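Peer 1: everything below, folded, please.
(one chain, ligands or ions: 2)
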Amino acid sequence: MGQEVRYRVRGGRPLSGTAFIQGAKNAVLPMIGAALLAAKGRTVLRNVPVIEDVYRSLELAEHVGAKVEFHEAERTVVIDASRLNDPERAVLPADIAARFRGSVLFVPALMHRTGRARIEGVGGCNLGSRNLDFHYRGFARLGAEVTEDLERNHINVEASNLRGGRLYLDTPSHTGTENLIMAAVLAPGTTVIEHAALEPEVLDVISFLSAMGAKISGGGTGLITVEGVEELTAVEHTIMSDRIDAGVFAMTVAATGGEVSLVGANLDHLGVARWKLEQMGVGFSQEGAVLHVTRDPAVPLRPINAVTSPFPGFATDLQSPLMALATLAEGESYIHEAIYDGRFALADELNKMGAKIEVEGTRAIVHGTTHLRGTEVIAHDLRTGAALVLAGLVAEGETIVAPGYLVDRGHAQFATRLAALGADVERVVAS
Ligand SMILES: CC(=O)N[C@H]1[C@@H](OP(=O)(O)OP(=O)(O)OC[C@H]2O[C@@H](n3ccc(=O)[nH]c3=O)[C@H](O)[C@@H]2O)O[C@H](CO)[C@@H](O)[C@@H]1O
Ligand SMILES: C=C(OP(=O)(O)O)C(=O)O
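Peer 2: Ligands and ions are numbered 1, 2, ... in the order given. Now for the predicted structure:
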(Lines give C-alpha, C1' and ligand atoms only; values in the text may rest on other atoms or scores of the structure.)
(Ligands and ions follow the chains in the order given, each with its own letter.)
Protein backbone atom coordinates (compact mmCIF):
# COMPACT_ATOMS: atom_id res chain seq x y z
CA MET A 1 0.00 0.00 0.00
CA GLY A 2 3.05 2.33 -0.04
CA GLN A 3 2.80 5.35 2.23
CA GLU A 4 0.88 5.20 5.46
CA VAL A 5 -1.98 7.67 5.51
CA ARG A 6 -3.90 8.63 8.65
CA TYR A 7 -6.53 11.21 9.46
CA ARG A 8 -5.87 13.41 12.51
CA VAL A 9 -9.06 14.98 13.83
CA ARG A 10 -9.76 17.37 16.71
CA GLY A 11 -13.34 17.83 17.80
CA GLY A 12 -15.51 20.68 18.93
CA ARG A 13 -16.12 23.03 16.01
CA PRO A 14 -19.51 23.53 14.33
CA LEU A 15 -19.38 23.45 10.53
CA SER A 16 -20.49 26.16 8.16
CA GLY A 17 -20.01 27.13 4.52
CA THR A 18 -20.05 25.28 1.22
CA ALA A 19 -18.87 21.77 0.32
CA PHE A 20 -18.61 20.41 -3.21
CA ILE A 21 -19.98 16.88 -3.55
CA GLN A 22 -17.78 14.65 -5.71
CA GLY A 23 -18.82 12.56 -8.70
CA ALA A 24 -20.19 9.14 -7.72
CA LYS A 25 -17.64 6.39 -7.10
CA ASN A 26 -20.25 3.70 -7.71
CA ALA A 27 -21.19 5.24 -11.08
CA VAL A 28 -17.72 6.00 -12.43
CA LEU A 29 -16.35 2.49 -11.76
CA PRO A 30 -18.91 0.69 -13.97
CA MET A 31 -18.54 3.46 -16.56
CA ILE A 32 -14.79 2.87 -16.84
CA GLY A 33 -15.66 -0.80 -17.45
CA ALA A 34 -18.36 0.22 -19.95
CA ALA A 35 -15.99 2.56 -21.84
CA LEU A 36 -13.92 -0.52 -22.71
CA LEU A 37 -16.87 -1.87 -24.73
CA ALA A 38 -16.30 0.82 -27.41
CA ALA A 39 -13.97 -0.51 -30.11
CA LYS A 40 -13.51 2.92 -31.74
CA GLY A 41 -13.05 6.51 -30.57
CA ARG A 42 -12.27 8.07 -27.22
CA THR A 43 -14.61 8.13 -24.23
CA VAL A 44 -14.61 11.30 -22.09
CA LEU A 45 -15.86 11.02 -18.52
CA ARG A 46 -16.36 14.26 -16.58
CA ASN A 47 -16.87 14.97 -12.87
CA VAL A 48 -14.66 11.98 -12.05
CA PRO A 49 -13.81 11.80 -8.32
CA VAL A 50 -10.08 11.80 -7.61
CA ILE A 51 -10.13 8.73 -5.36
CA GLU A 52 -7.97 5.64 -4.98
CA ASP A 53 -10.60 3.32 -6.52
CA VAL A 54 -10.52 5.39 -9.72
CA TYR A 55 -6.70 5.13 -9.84
CA ARG A 56 -6.96 1.36 -9.42
CA SER A 57 -9.66 1.13 -12.08
CA LEU A 58 -7.57 3.13 -14.56
CA GLU A 59 -4.51 0.98 -13.78
CA LEU A 60 -6.60 -2.05 -14.56
CA ALA A 61 -7.87 -0.50 -17.82
CA GLU A 62 -4.25 0.11 -18.90
CA HIS A 63 -3.27 -3.38 -17.80
CA VAL A 64 -5.81 -4.96 -20.15
CA GLY A 65 -4.73 -2.78 -23.08
CA ALA A 66 -6.65 0.54 -23.01
CA LYS A 67 -4.97 3.95 -23.31
CA VAL A 68 -5.97 6.18 -20.42
CA GLU A 69 -5.47 9.82 -19.43
CA PHE A 70 -6.61 11.22 -16.07
CA HIS A 71 -6.71 15.02 -16.09
CA GLU A 72 -7.16 15.36 -12.35
CA ALA A 73 -7.50 19.15 -12.15
CA GLU A 74 -10.30 18.94 -14.74
CA ARG A 75 -11.72 15.76 -13.12
CA THR A 76 -11.79 14.29 -16.61
CA VAL A 77 -10.81 10.84 -17.80
CA VAL A 78 -10.18 10.03 -21.47
CA ILE A 79 -10.17 6.37 -22.48
CA ASP A 80 -9.19 4.90 -25.85
CA ALA A 81 -10.04 1.20 -25.86
CA SER A 82 -9.51 0.65 -29.60
CA ARG A 83 -6.52 -1.67 -29.04
CA LEU A 84 -8.11 -3.75 -26.31
CA ASN A 85 -8.26 -7.02 -28.23
CA ASP A 86 -5.46 -9.22 -26.93
CA PRO A 87 -6.83 -12.29 -25.07
CA GLU A 88 -3.43 -12.74 -23.41
CA ARG A 89 -3.96 -9.43 -21.61
CA ALA A 90 -7.53 -10.22 -20.50
CA VAL A 91 -6.45 -10.83 -16.94
CA LEU A 92 -7.50 -9.01 -13.76
CA PRO A 93 -4.38 -9.48 -11.61
CA ALA A 94 -4.86 -9.76 -7.85
CA ASP A 95 -2.37 -6.98 -7.01
CA ILE A 96 -4.72 -4.39 -8.57
CA ALA A 97 -8.10 -6.13 -8.73
CA ALA A 98 -8.15 -7.29 -5.11
CA ARG A 99 -7.90 -3.70 -3.89
CA PHE A 100 -11.37 -2.61 -5.06
CA ARG A 101 -14.73 -4.15 -5.76
CA GLY A 102 -15.24 -2.37 -9.08
CA SER A 103 -12.67 -4.66 -10.74
CA VAL A 104 -15.41 -7.22 -11.40
CA LEU A 105 -17.03 -4.63 -13.69
CA PHE A 106 -14.28 -5.22 -16.29
CA VAL A 107 -15.43 -8.75 -17.08
CA PRO A 108 -18.16 -7.89 -19.66
CA ALA A 109 -15.83 -5.72 -21.76
CA LEU A 110 -13.13 -8.41 -21.68
CA MET A 111 -15.67 -11.07 -22.71
CA HIS A 112 -16.89 -8.97 -25.65
CA ARG A 113 -13.56 -7.60 -26.78
CA THR A 114 -11.24 -10.57 -26.27
CA GLY A 115 -13.57 -13.55 -25.83
CA ARG A 116 -12.26 -14.35 -22.38
CA ALA A 117 -11.40 -13.04 -18.91
CA ARG A 118 -9.38 -14.39 -16.02
CA ILE A 119 -10.14 -13.03 -12.56
CA GLU A 120 -7.28 -13.52 -10.14
CA GLY A 121 -8.88 -11.57 -7.28
CA VAL A 122 -11.73 -9.15 -6.63
CA GLY A 123 -11.55 -6.85 -3.64
CA GLY A 124 -13.60 -4.11 -2.08
CA CYS A 125 -14.51 -3.32 1.47
CA ASN A 126 -14.15 -6.16 3.90
CA LEU A 127 -17.82 -6.45 4.81
CA GLY A 128 -18.15 -10.14 5.55
CA SER A 129 -19.46 -12.51 2.90
CA ARG A 130 -19.79 -10.83 -0.50
CA ASN A 131 -20.64 -13.26 -3.22
CA LEU A 132 -20.43 -12.82 -6.97
CA ASP A 133 -22.52 -15.85 -7.90
CA PHE A 134 -25.25 -13.77 -9.61
CA HIS A 135 -22.59 -12.27 -11.88
CA TYR A 136 -21.02 -15.61 -12.82
CA ARG A 137 -24.30 -17.50 -13.16
CA GLY A 138 -25.70 -14.64 -15.26
CA PHE A 139 -22.67 -14.68 -17.59
CA ALA A 140 -23.13 -18.45 -17.94
CA ARG A 141 -26.82 -18.06 -18.84
CA LEU A 142 -25.76 -15.63 -21.56
CA GLY A 143 -23.49 -18.31 -23.03
CA ALA A 144 -20.15 -17.90 -21.24
CA GLU A 145 -18.29 -20.83 -19.76
CA VAL A 146 -17.28 -19.96 -16.21
CA THR A 147 -14.86 -22.26 -14.40
CA GLU A 148 -13.09 -22.00 -11.11
CA ASP A 149 -9.40 -22.92 -10.73
CA LEU A 150 -9.55 -23.85 -7.03
CA GLU A 151 -5.80 -24.40 -6.70
CA ARG A 152 -4.90 -20.89 -7.84
CA ASN A 153 -8.16 -19.28 -6.69
CA HIS A 154 -8.84 -17.94 -10.21
CA ILE A 155 -12.09 -17.68 -12.16
CA ASN A 156 -11.80 -18.30 -15.89
CA VAL A 157 -14.47 -17.03 -18.26
CA GLU A 158 -14.58 -18.15 -21.91
CA ALA A 159 -17.12 -16.19 -23.93
CA SER A 160 -16.81 -16.64 -27.66
CA ASN A 161 -20.55 -16.84 -28.24
CA LEU A 162 -22.63 -14.61 -25.96
CA ARG A 163 -26.36 -14.27 -26.70
CA GLY A 164 -29.43 -12.84 -24.97
CA GLY A 165 -31.18 -14.75 -22.20
CA ARG A 166 -33.60 -14.49 -19.30
CA LEU A 167 -32.03 -13.66 -15.93
CA TYR A 168 -33.34 -13.33 -12.39
CA LEU A 169 -31.44 -11.88 -9.43
CA ASP A 170 -32.25 -13.36 -5.99
CA THR A 171 -31.52 -9.94 -4.50
CA PRO A 172 -31.29 -6.76 -6.59
CA SER A 173 -27.49 -6.67 -6.73
CA HIS A 174 -26.12 -3.26 -7.64
CA THR A 175 -22.95 -4.25 -9.55
CA GLY A 176 -24.65 -7.52 -10.56
CA THR A 177 -27.31 -5.56 -12.46
CA GLU A 178 -24.69 -3.31 -14.09
CA ASN A 179 -22.51 -6.25 -15.04
CA LEU A 180 -25.33 -8.27 -16.58
CA ILE A 181 -26.55 -5.24 -18.56
CA MET A 182 -23.00 -4.73 -19.87
CA ALA A 183 -22.74 -8.42 -20.74
CA ALA A 184 -26.05 -8.17 -22.65
CA VAL A 185 -25.60 -4.92 -24.61
CA LEU A 186 -23.43 -6.50 -27.34
CA ALA A 187 -24.94 -10.01 -27.17
CA PRO A 188 -27.27 -10.79 -30.09
CA GLY A 189 -30.93 -11.17 -29.08
CA THR A 190 -32.97 -10.03 -26.10
CA THR A 191 -31.95 -10.20 -22.45
CA VAL A 192 -34.44 -9.71 -19.63
CA ILE A 193 -33.19 -9.07 -16.08
CA GLU A 194 -35.80 -9.55 -13.37
CA HIS A 195 -35.44 -8.12 -9.86
CA ALA A 196 -32.84 -5.61 -11.06
CA ALA A 197 -31.32 -2.91 -8.83
CA LEU A 198 -32.91 0.55 -8.69
CA GLU A 199 -29.93 2.57 -7.42
CA PRO A 200 -29.47 5.98 -9.09
CA GLU A 201 -25.95 4.93 -10.17
CA VAL A 202 -27.43 2.01 -12.12
CA LEU A 203 -29.67 4.50 -13.96
CA ASP A 204 -26.67 6.74 -14.69
CA VAL A 205 -24.83 3.75 -16.14
CA ILE A 206 -27.87 2.90 -18.27
CA SER A 207 -28.00 6.45 -19.59
CA PHE A 208 -24.26 6.32 -20.42
CA LEU A 209 -24.63 2.99 -22.24
CA SER A 210 -27.73 4.26 -24.05
CA ALA A 211 -25.78 7.30 -25.28
CA MET A 212 -23.16 4.82 -26.56
CA GLY A 213 -25.89 3.17 -28.63
CA ALA A 214 -27.12 0.39 -26.34
CA LYS A 215 -30.83 -0.50 -26.37
CA ILE A 216 -31.95 -0.75 -22.74
CA SER A 217 -35.45 -0.24 -21.37
CA GLY A 218 -37.05 -0.54 -17.93
CA GLY A 219 -34.26 1.11 -15.89
CA GLY A 220 -35.67 2.02 -12.45
CA THR A 221 -38.57 -0.47 -12.68
CA GLY A 222 -36.81 -3.64 -11.55
CA LEU A 223 -37.43 -5.33 -14.93
CA ILE A 224 -34.77 -4.44 -17.47
CA THR A 225 -34.80 -5.45 -21.12
CA VAL A 226 -31.70 -5.23 -23.31
CA GLU A 227 -31.71 -5.71 -27.09
CA GLY A 228 -28.20 -6.57 -28.22
CA VAL A 229 -26.60 -4.19 -30.75
CA GLU A 230 -23.57 -4.73 -33.00
CA GLU A 231 -21.33 -1.99 -31.73
CA LEU A 232 -21.11 0.86 -29.26
CA THR A 233 -19.62 4.30 -29.81
CA ALA A 234 -17.35 6.25 -27.48
CA VAL A 235 -19.20 9.28 -26.01
CA GLU A 236 -18.82 12.03 -23.42
CA HIS A 237 -20.67 11.73 -20.11
CA THR A 238 -20.79 13.69 -16.85
CA ILE A 239 -20.92 11.43 -13.79
CA MET A 240 -23.83 12.02 -11.36
CA SER A 241 -22.95 13.35 -7.92
CA ASP A 242 -22.14 10.91 -5.14
CA ARG A 243 -25.14 10.38 -2.84
CA ILE A 244 -23.03 8.57 -0.24
CA ASP A 245 -20.49 11.42 -0.13
CA ALA A 246 -23.47 13.82 0.22
CA GLY A 247 -24.96 11.69 3.01
CA VAL A 248 -21.66 11.59 4.90
CA PHE A 249 -21.33 15.39 4.72
CA ALA A 250 -24.97 15.85 5.79
CA MET A 251 -24.45 13.53 8.78
CA THR A 252 -21.24 15.32 9.72
CA VAL A 253 -23.15 18.61 9.89
CA ALA A 254 -25.82 16.78 11.89
CA ALA A 255 -23.11 15.71 14.36
CA THR A 256 -21.32 19.03 14.83
CA GLY A 257 -24.30 21.33 14.31
CA GLY A 258 -24.15 24.22 11.87
CA GLU A 259 -25.32 25.23 8.41
CA VAL A 260 -23.75 23.91 5.24
CA SER A 261 -24.57 24.05 1.51
CA LEU A 262 -23.76 20.87 -0.42
CA VAL A 263 -23.20 21.73 -4.08
CA GLY A 264 -24.41 18.94 -6.36
CA ALA A 265 -26.24 16.95 -3.66
CA ASN A 266 -29.69 15.63 -4.56
CA LEU A 267 -32.14 15.06 -1.70
CA ASP A 268 -34.10 12.47 -3.73
CA HIS A 269 -30.95 10.34 -3.99
CA LEU A 270 -30.69 10.07 -0.20
CA GLY A 271 -33.80 7.87 -0.20
CA VAL A 272 -34.94 6.89 3.30
CA ALA A 273 -31.78 8.41 4.84
CA ARG A 274 -33.39 11.82 4.28
CA TRP A 275 -36.44 10.96 6.43
CA LYS A 276 -34.31 9.35 9.14
CA LEU A 277 -32.08 12.42 9.43
CA GLU A 278 -35.10 14.74 9.50
CA GLN A 279 -36.57 12.66 12.35
CA MET A 280 -33.30 13.06 14.23
CA GLY A 281 -33.51 16.85 13.93
CA VAL A 282 -31.69 17.73 10.71
CA GLY A 283 -33.17 20.36 8.37
CA PHE A 284 -32.91 20.02 4.58
CA SER A 285 -33.87 22.39 1.79
CA GLN A 286 -33.09 21.80 -1.88
CA GLU A 287 -32.44 24.85 -4.00
CA GLY A 288 -31.79 23.67 -7.53
CA ALA A 289 -28.60 21.62 -7.47
CA VAL A 290 -27.61 22.83 -3.98
CA LEU A 291 -28.77 21.09 -0.81
CA HIS A 292 -28.81 23.17 2.39
CA VAL A 293 -28.33 21.20 5.61
CA THR A 294 -28.88 22.69 9.05
CA ARG A 295 -28.80 21.44 12.61
CA ASP A 296 -29.22 23.57 15.70
CA PRO A 297 -26.51 22.45 18.16
CA ALA A 298 -28.64 23.68 21.09
CA VAL A 299 -31.35 21.07 20.36
CA PRO A 300 -30.39 17.46 21.18
CA LEU A 301 -30.55 14.89 18.36
CA ARG A 302 -33.40 12.38 18.62
CA PRO A 303 -32.63 8.62 18.47
CA ILE A 304 -33.56 6.62 15.38
CA ASN A 305 -34.35 3.13 14.09
CA ALA A 306 -32.96 2.10 10.71
CA VAL A 307 -32.88 -1.05 8.59
CA THR A 308 -30.56 -1.10 5.59
CA SER A 309 -32.04 -2.14 2.27
CA PRO A 310 -31.55 -1.57 -1.46
CA PHE A 311 -32.50 1.84 -2.89
CA PRO A 312 -34.65 3.72 -2.00
CA GLY A 313 -34.21 2.07 1.41
CA PHE A 314 -31.61 3.16 3.92
CA ALA A 315 -28.24 2.74 2.11
CA THR A 316 -25.90 0.27 3.78
CA ASP A 317 -22.98 2.59 2.89
CA LEU A 318 -24.57 5.26 5.15
CA GLN A 319 -25.14 2.88 8.03
CA SER A 320 -21.68 3.49 9.50
CA PRO A 321 -21.94 7.30 9.72
CA LEU A 322 -25.49 6.86 11.07
CA MET A 323 -24.16 4.65 13.87
CA ALA A 324 -21.57 7.29 14.77
CA LEU A 325 -24.28 9.97 14.72
CA ALA A 326 -26.63 7.89 16.87
CA THR A 327 -24.07 7.89 19.72
CA LEU A 328 -24.90 11.60 20.09
CA ALA A 329 -28.70 11.19 20.12
CA GLU A 330 -30.64 11.31 23.38
CA GLY A 331 -31.88 7.73 23.90
CA GLU A 332 -31.58 4.33 22.29
CA SER A 333 -31.21 3.88 18.54
CA TYR A 334 -31.71 0.51 16.80
CA ILE A 335 -29.84 -0.41 13.63
CA HIS A 336 -30.42 -3.57 11.61
CA GLU A 337 -27.79 -4.25 8.92
CA ALA A 338 -29.61 -6.44 6.43
CA ILE A 339 -27.12 -6.32 3.50
CA TYR A 340 -23.65 -7.04 4.91
CA ASP A 341 -22.90 -9.25 7.89
CA GLY A 342 -19.50 -7.59 8.48
CA ARG A 343 -20.39 -3.90 8.71
CA PHE A 344 -20.44 -3.64 12.52
CA ALA A 345 -16.66 -3.63 13.12
CA LEU A 346 -17.23 0.09 13.65
CA ALA A 347 -19.04 -0.49 16.95
CA ASP A 348 -15.85 -1.59 18.77
CA GLU A 349 -13.96 1.43 17.46
CA LEU A 350 -16.70 3.83 18.59
CA ASN A 351 -16.80 2.06 21.96
CA LYS A 352 -13.07 2.77 22.30
CA MET A 353 -14.06 6.44 22.01
CA GLY A 354 -16.62 6.12 24.83
CA ALA A 355 -19.73 5.08 22.89
CA LYS A 356 -22.06 2.42 24.29
CA ILE A 357 -23.02 0.16 21.42
CA GLU A 358 -24.20 -3.44 21.81
CA VAL A 359 -24.06 -5.70 18.79
CA GLU A 360 -25.91 -8.96 18.40
CA GLY A 361 -25.52 -10.50 14.97
CA THR A 362 -26.83 -8.06 12.42
CA ARG A 363 -28.55 -5.83 14.99
CA ALA A 364 -27.05 -3.04 17.07
CA ILE A 365 -28.37 -0.92 19.91
CA VAL A 366 -26.70 2.45 20.32
CA HIS A 367 -27.17 3.95 23.79
CA GLY A 368 -26.96 7.74 23.64
CA THR A 369 -26.07 10.37 24.51
CA THR A 370 -22.43 9.55 25.02
CA HIS A 371 -19.50 11.86 25.41
CA LEU A 372 -16.91 10.78 22.83
CA ARG A 373 -13.18 11.06 23.57
CA GLY A 374 -10.46 11.05 20.94
CA THR A 375 -8.13 8.06 20.64
CA GLU A 376 -6.46 5.89 17.96
CA VAL A 377 -9.05 3.94 16.00
CA ILE A 378 -9.04 1.55 13.06
CA ALA A 379 -10.83 2.15 9.77
CA HIS A 380 -11.89 -1.41 8.92
CA ASP A 381 -13.45 -0.26 5.65
CA LEU A 382 -14.14 2.90 3.69
CA ARG A 383 -17.34 4.00 5.45
CA THR A 384 -16.04 2.99 8.90
CA GLY A 385 -13.16 5.38 8.21
CA ALA A 386 -15.49 8.23 7.25
CA ALA A 387 -17.71 7.53 10.28
CA LEU A 388 -14.71 7.66 12.63
CA VAL A 389 -13.64 11.02 11.18
CA LEU A 390 -17.22 12.20 11.84
CA ALA A 391 -16.98 10.92 15.44
CA GLY A 392 -13.60 12.62 15.84
CA LEU A 393 -15.14 15.96 14.90
CA VAL A 394 -17.38 15.86 17.99
CA ALA A 395 -14.96 14.07 20.33
CA GLU A 396 -12.94 15.71 23.05
CA GLY A 397 -9.24 15.81 22.14
CA GLU A 398 -7.50 14.15 19.21
CA THR A 399 -8.65 11.15 17.17
CA ILE A 400 -6.32 9.29 14.80
CA VAL A 401 -8.06 7.25 12.08
CA ALA A 402 -5.96 4.74 10.12
CA PRO A 403 -5.48 3.28 7.55
CA GLY A 404 -6.43 6.43 5.69
CA TYR A 405 -6.11 4.58 2.35
CA LEU A 406 -9.56 3.13 2.96
CA VAL A 407 -11.11 6.59 3.32
CA ASP A 408 -9.20 7.71 0.21
CA ARG A 409 -10.69 4.78 -1.71
CA GLY A 410 -14.02 6.58 -1.84
CA HIS A 411 -13.90 10.21 -0.62
CA ALA A 412 -11.88 12.75 -2.61
CA GLN A 413 -10.00 15.49 -0.72
CA PHE A 414 -11.98 14.52 2.40
CA ALA A 415 -9.88 16.47 4.91
CA THR A 416 -9.58 19.52 2.64
CA ARG A 417 -13.32 19.70 2.04
CA LEU A 418 -14.12 19.31 5.76
CA ALA A 419 -11.45 21.86 6.72
CA ALA A 420 -13.06 24.34 4.31
CA LEU A 421 -16.18 24.08 6.52
CA GLY A 422 -14.14 24.90 9.64
CA ALA A 423 -13.34 21.35 10.79
CA ASP A 424 -9.99 20.65 12.42
CA VAL A 425 -8.89 17.65 10.36
CA GLU A 426 -5.69 16.80 8.53
CA ARG A 427 -4.63 13.98 6.24
CA VAL A 428 -1.17 13.01 7.43
CA VAL A 429 1.22 10.97 5.28
CA ALA A 430 4.02 9.10 7.03
CA SER A 431 6.82 7.90 4.76
C1 LIG B 1 -18.75 -0.69 -6.44
C2 LIG B 1 -20.13 -0.61 -5.91
O3 LIG B 1 -21.06 -0.20 -6.60
N4 LIG B 1 -20.31 -1.00 -4.64
C5 LIG B 1 -21.62 -0.90 -4.02
C6 LIG B 1 -22.45 -2.09 -4.43
O7 LIG B 1 -21.73 -3.28 -4.03
P8 LIG B 1 -22.18 -4.66 -4.64
O9 LIG B 1 -22.71 -4.48 -6.00
O10 LIG B 1 -21.04 -5.60 -4.44
O11 LIG B 1 -23.38 -5.05 -3.70
P12 LIG B 1 -24.61 -6.01 -4.07
O13 LIG B 1 -25.81 -5.17 -4.27
O14 LIG B 1 -24.19 -6.92 -5.16
O15 LIG B 1 -24.72 -6.87 -2.74
C16 LIG B 1 -25.90 -6.92 -1.98
C17 LIG B 1 -26.00 -8.26 -1.28
O18 LIG B 1 -26.20 -9.29 -2.22
C19 LIG B 1 -25.27 -10.35 -2.03
N20 LIG B 1 -24.87 -10.86 -3.36
C21 LIG B 1 -24.48 -9.98 -4.32
C22 LIG B 1 -24.05 -10.45 -5.55
C23 LIG B 1 -24.03 -11.84 -5.78
O24 LIG B 1 -23.66 -12.30 -6.86
N25 LIG B 1 -24.45 -12.67 -4.80
C26 LIG B 1 -24.87 -12.22 -3.58
O27 LIG B 1 -25.22 -13.01 -2.71
C28 LIG B 1 -24.07 -9.68 -1.34
O29 LIG B 1 -23.29 -10.62 -0.60
C30 LIG B 1 -24.76 -8.67 -0.45
O31 LIG B 1 -25.20 -9.25 0.75
O32 LIG B 1 -23.72 -2.04 -3.78
C33 LIG B 1 -23.63 -2.12 -2.36
C34 LIG B 1 -25.05 -2.17 -1.80
O35 LIG B 1 -25.72 -0.99 -2.13
C36 LIG B 1 -22.82 -0.94 -1.82
O37 LIG B 1 -22.59 -1.14 -0.44
C38 LIG B 1 -21.46 -0.83 -2.51
O39 LIG B 1 -20.88 0.42 -2.20
C1 LIG C 1 -18.83 -1.03 0.12
C2 LIG C 1 -18.36 -0.02 -0.57
O3 LIG C 1 -17.59 -0.07 -1.67
P4 LIG C 1 -17.12 -1.34 -2.48
O5 LIG C 1 -18.32 -2.02 -2.98
O6 LIG C 1 -16.34 -0.70 -3.59
O7 LIG C 1 -16.29 -2.15 -1.55
C8 LIG C 1 -18.73 1.37 -0.24
O9 LIG C 1 -18.68 2.20 -1.15
O10 LIG C 1 -19.04 1.64 0.93
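
Peer 1: ligand 2 contacts on the stretch 251-400 of the chain?
Peer 2: Residues of the stretch 251-400 of the chain found near ligand 2 (CB under 6 Å from any ligand atom) are 317, 382-383. In short, each C-beta sits where N, CA and C put it, glycine included.

Peer 1: any idea which of those has the most stuff around it?
Peer 2: When neighbours are taken as other CB atoms under 10 Å, the top entry among these is residue 383 (31 neighbours).

Peer 1: quick one, what contacts residue 67?
Peer 2: 79-81, 83 (CB atoms under 8 Å, 6 or more residues apart in numbering).

Peer 1: filter those residues down to the buried ones and hand me the ChimeraX line.
Peer 2: Buried members of the contacts of residue 67, defined by 16 or more other CB atoms under 10 Å, are picked up in ChimeraX with:
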select :79,80,81
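
Peer 1: closest to residue 393 out of the contacts of residue 67?
Peer 2: Residue 393 has its nearest neighbour among these in residue 79, at 37.1 Å by CB to CB.

Peer 1: I'd assumed the closest one was in a helix, is it?
Peer 2: No. Assigned with DSSP: H, G, I helix; E, B strand; the rest coil, residue 79 falls outside any helix and is strand.

Peer 1: who's in contact with it?
Peer 2: Applying CB under 8 Å, 6+ apart, one finds that residue 79 lies in contact with 32, 35-36, 42-43, 45, 61, 66-68, 234.

Peer 1: any idea what it is bridged to?
Peer 2: Applying DSSP bridges to residue 79 gives these bridge partners: residue 43, residue 68.

Peer 1: state the distance from it to residue 100.
Peer 2: Shown here: residue 79 relative to residue 100, a distance of 17 Å by CB to CB, to the nearest Å.

Peer 1: ditto for residue 191
Peer 2: Counting by CB to CB, the gap from residue 191 to residue 100 is 27 Å.

Peer 1: please apply the same query to residue 121.
Peer 2: Residue 121 is 11 Å from residue 100, by CB to CB.

Peer 1: and the two? Which one has more around it.
Peer 2: residue 100 (26 against 16).

Peer 1: surely the more buried one is in contact with residue 409?
Peer 2: Yes. In terms of CB atoms under 8 Å, residue 100 counts as a neighbour of residue 409; the distance is 6.6 Å.

Peer 1: between the two, what contacts are shared?
Peer 2: Here residue 100 and residue 409 have 52-53 as joint contacts, going by CB under 8 Å, 6+ apart.

Peer 1: and the helices in this protein?
Peer 2: Assigned by DSSP state H, the chain shows helices spanning 25-35, 52-63, 94-97, 107-114, 133-141, 174-185, 200-212, 243-256, 272-280, 319-326, 345-352, 382-392, 404-410, 414-419.

Peer 1: can you tell me the closest non-neighbouring residue to residue 65?
Peer 2: Leaving aside its sequence neighbours, residue 65 sits nearest to residue 84 (CB to CB, 6 or more residues apart in numbering; 4.2 Å).

Peer 1: now for that neighbour, how many residues are close by?
Peer 2: Applying other CB under 10 Å, we find 24 residues neighbouring residue 84.

Peer 1: contact partners for it?
Peer 2: 36, 64-66, 109, 113-114.

Peer 1: likewise for residue 324?
Peer 2: Residue 324 touches 251, 255, 346, 350, 387-388, 390-391, counting by CB under 8 Å, 6+ apart.

Peer 1: wait, which of the residues you listed is closest to ligand 2?
Peer 2: residue 387 (10.7 Å; CB to the nearest ligand atom).

Peer 1: isn't the closest one right up against residue 321?
Peer 2: Yes. Residue 387 is within contact range of residue 321, at 4.5 Å (criterion: CB under 8 Å).

Peer 1: so residue 51 makes contact with residue 412?
Peer 2: Yes. Counting by CB under 8 Å, residue 51 touches residue 412, with 5.1 Å between them.

Peer 1: overlap in contacts of these two?
Peer 2: residue 22.

Peer 1: what's the burial count for the nearest residue to residue 327 once chain neighbours are set aside?
Peer 2: Nearest non-adjacent residue to residue 327, counting by CB to CB, 6+ apart: residue 355, 4.2 Å away. Number of residues near residue 355 (other CB under 10 Å) recorded here: 25.
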